[in-house]
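Visitor: Below are the sequence and a predicted model; questions follow.
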Amino acid sequence: MSYLIKKNKATSQIVYMEYNMNGYEFKPKKVEISKIMIINPTLIEKILTIKFNQMFKKLALYVYQLLNSDNNDETAAAYCLGEVERLKSILFLDYQKYISKEKQKMFETKLAMIEQQLKAKMMLQMGYFNQVMEEPELDQGRGR
């Protein structure tokens with residue numbers, strides 16, 4: 001862990017900063033800072049858990065409204081499935097090296113439950129279950 005900071009003494013501003021540390025970097029939205037790096041693993045896990053839960057709550061609310069509506073819009077279900085895949089990719093590509101295996105497994109099960117519900121809704125919309133459940137009608141005709 002090493003770093004180099006050059007500061008302008010007259011203005012007290014950092015002119016140059018170089019560091020070689022492993023941690024989680026992100027850009028805050030409401031603060032005028034270019035980026036923040038967090039090195040503490042427990043703090044990283046807490047921040048990523050909060051970020052994931054915020055994204056998951058938005059998705060869960062949208063899915064809940066979709067499942068309880070009478071609207072048979074296949075594009076909304078497909079959009080939700082795309083969001084589930086996006087969250088899975090964020091989980092595997094970005095968060096995997098920072099969160100514990102237990103948290104990752106918990107997040108995966110949450111996403112799998114939503115994905116299963118969406119796929120069932122899409123199958124119902126396409127009439128797949130209705131076709132499978134219906135028995136074929138036999139025509140009574142003349143027999144030999």
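Guide: Okay, I see it.
Visitor: what's the neighbour count on residue 90?
Guide: Counted with other CB atoms under 10 Å, residues neighbouring residue 90 total 16. Backbone N, C-alpha and C define where each C-beta goes, glycine included.
Visitor: mind listing the strands for this structure?
Guide: If you assign secondary structure with DSSP state E, the strands in the chain sit at 2-8, 13-20, 24-26, 36-38.
Visitor: Let's test this: mean pLDDT of the second one, rounded?
Guide: Okay, so that is strand 13-20. The predicted model assigns strand 13-20 a mean pLDDT of 70.
Visitor: In the protein, which helix is the longest?
Guide: Ordering each helix of the chain by length in residues (DSSP state H) puts helix 41-68 first.
Visitor: And that helix, what does it pack against?
Guide: Here helix 41-68 touches strand 24-26, helix 74-89, helix 101-126, going by 3 or more CB pairs under 8 Å, 6 or more residues apart in numbering; DSSP states H and E.
Visitor: distance of residue 60 from residue 6?
Guide: Taking CB to CB, to the nearest Å as the measure, residue 60 falls 47 Å from residue 6.
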